[in-house]
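A.B. asks: the following comprises the amino acid sequence and a computationally predicted model.
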Amino acid sequence: MTFSRIELTGLLAFPLTPFTDDLELNLDAFAEHVEGHLDAGAGALFIGCGTGEFSALCPAELTELLRTARDVVAGRVPVWIGAGGGAATARAGIAAARSGGADGVLLLPPYLVSGPPAGLLDHVRYAVHDSAVPVIVYQRSPGVFPAPAAVRLLDIPSVVGLKDGYGDVDLMSRIVAAVRGTATDRAQRFLFFNGLPTAEVSARAYSAIGVARYSSAVHCFAPEIANRFYRALSERDDPAIDALLTGFYLPLVALRDETPGFAVSLVKAAARLRGHRVGGVRPPLVEPTTGQLERLERIVDGGLATLRLLSNGAPAQPVAG
């Protein structure tokens, strides 16, 4: 089934990449994990991206993840995949995504080096080459596009959107205004995404500047919380948003910020706490300590308790984790 770029709606899920005890790819567990995302109502799957440890995977593993995901999904939702790294690696990744039948590619920023806006645009052009597969450019600190450069992305036919993981709301506001201000049909269909870690914390601010789509890593281990927050944001239910932020998301972010790489490590640890077979993380990521795991469990319990209060119609008050 073919999906147009405008069909990336609903809560976007970024599955984990499960490993065995010796950190080899566990495709059976991955298939279970993908099915879990579908059962929880994910609007699209982005596999082998940041949450999926793209930087730790080899091209053959990405190919296997894509094949497995497509087999499990069977056309129910779009399946996108990560590509990136150096220019040649990024081009090869996009070509592999196209040949593997991906519905689109999330193009991660250049590896190790960066460049001025003109160089970043050339990097995207080189990576895309002659591929027709839709591409969303992921803006992170190695590759930040000023508003005029972001507008130039419209000149690259396969580029259909920009995902921001840099976190400058002022810059994103300028980018959105500049792109939409071109007043072309392509500009109006161009997609914007909030790609910050634990994006729910910044989702209200991004939504206010026209960036309503976001990726939810929490969907990997607590989809009921992720879906309730998404509904609250869509309905502008500020009391419910505040309860979930205070009772779950903000404590989770405080723990996440203690150790580099915890944007992935904590998600995998939380998934294991909830009984999912996802294994550990590949280095240089590290596992939480025993004390951090105990705090993580309390945070998840607090989030679920807050969710129960909201479900029972109680006043939207957070529950301490």
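C.D. replies: Thanks, I have it.
A.B. asks: list the buried residues of the helix of greatest length in the chain.
C.D. replies: Using DSSP state H, we find that the single longest helix of the chain is helix 290-311. Along helix 290-311, these residues count as buried under the neighbour rule (16 or more other C-beta atoms under 10 Å): 292-293, 295-296, 299-300, 302-307, 309-310. All C-beta atoms are positioned from the backbone trio N, CA, C, and that covers glycine.
A.B. asks: give me every residue that touches the spatially most central residue of the chain.
C.D. replies: By C-alpha atoms, centre = their mean, the chain has its centre lying nearest to Ser215, at 3.9 Å. Counting by C-beta atoms under 8 Å, 6 or more residues apart in numbering, Ser215 makes contact with 12-14, 46, 51, 163, 193-195, 199.
A.B. asks: can you pull out the helices in the stretch 101-250 of the chain?
C.D. replies: 117-128, 147-152, 169-180, 185-189, 200-208, 223-234, 238-244, 250-256 (DSSP state H, counting those that start in this stretch).
A.B. asks: out of those, nearest to Pro284?
C.D. replies: helix 250-256 (16.4 Å; C-beta to C-beta).
A.B. asks: where in the protein is pLDDT low?
C.D. replies: 1-7, 314-321 (pLDDT under 70).
A.B. asks: which stretch of helix or strand covers Trp80?
C.D. replies: strand 79-83 (DSSP states H and E).
A.B. asks: partner strands of that strand, parallel or antiparallel?
C.D. replies: Sheet pairing for strand 79-83, assigned by DSSP bridges, gives strand 44-47 (parallel), strand 104-107 (parallel).
A.B. asks: next SSE after the first one?
C.D. replies: Going down the chain from strand 44-47, the next helix or strand is helix 59-73, by DSSP H and E.
A.B. asks: now that next one against strand 79-83, angle please.
C.D. replies: 170 degrees (axes from the mean of the first three to the mean of the last three C-alpha atoms, to 10 degrees).
A.B. asks: mind giving me the packing neighbours of helix 59-73?
C.D. replies: Using 3 or more C-beta pairs under 8 Å, 6 or more residues apart in numbering; DSSP states H and E, the elements in contact with helix 59-73 are helix 27-39, strand 44-47, strand 79-83, helix 87-99.
A.B. asks: can you tell me how far Leu266 is from Ala44?
C.D. replies: 23 Å (C-beta to C-beta, to the nearest Å).
A.B. asks: looking at those two, which one has more neighbours?
C.D. replies: Neighbour count, other C-beta atoms under 10 Å: between Leu266 and Ala44, Leu266 has more, with 27 against 23.
A.B. asks: now do the same contact list for the more buried one.
C.D. replies: Counted by C-beta under 8 Å, 6+ apart, Leu266 has contacts 252, 255-256, 288, 296.
A.B. asks: of the helices and strands packed on helix 59-73, which approaches Ala56 most closely?
C.D. replies: Here strand 79-83 is closest among the helices and strands packed on helix 59-73 (C-beta to C-beta), at 11.3 Å.
A.B. asks: could you tell me the angle between that closest one and helix 87-99?
C.D. replies: Using the same axes, to 10 degrees: strand 79-83 against helix 87-99 is 160 degrees.
A.B. asks: CA atoms of strand 79-83 as CSV?
C.D. replies: The C-alpha trace of strand 79-83 is given here as CSV (Å, rounded to 0.1, in the frame of the first residue of the first chain):
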residue,chain,number,x,y,z
VAL,A,79,6.8,2.3,7.7
TRP,A,80,9.7,4.7,7.6
ILE,A,81,13.4,4.0,8.4
GLY,A,82,16.4,6.0,9.4
ALA,A,83,19.4,6.8,7.2
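A.B. asks: returning to what we had before: and the longest helix of the chain, what does it pack against?
C.D. replies: Contacts defined by 3+ C-beta pairs under 8 Å, 6+ apart place helix 290-311 against helix 223-234, helix 238-244, helix 250-256, helix 262-273.
A.B. asks: buried sites along the last one?
C.D. replies: For helix 262-273, the buried set under the neighbour-count rule, 16+ other C-beta under 10 Å, comprises 262-272.
A.B. asks: same question, the third one
C.D. replies: Neighbour-count burial for helix 250-256, with 16+ other C-beta under 10 Å as criterion, is recorded at 250-253, 255-256.
A.B. asks: closest to Glu24 out of the buried residues of helix 262-273?
C.D. replies: Lys268 (15.3 Å).
A.B. asks: OK, contacts around that closest one?
C.D. replies: 16, 278-281.
A.B. asks: that one and Arg204, how far apart?
C.D. replies: 27 Å.
A.B. asks: list of residues touching the strand holding Trp80?
C.D. replies: In contact with strand 79-83 (C-beta under 8 Å, 6+ apart) are residues 44-50, 52, 54, 62, 65-66, 69-70, 73, 89-90, 93-94, 96-97, 100, 102-108, 127, 136.
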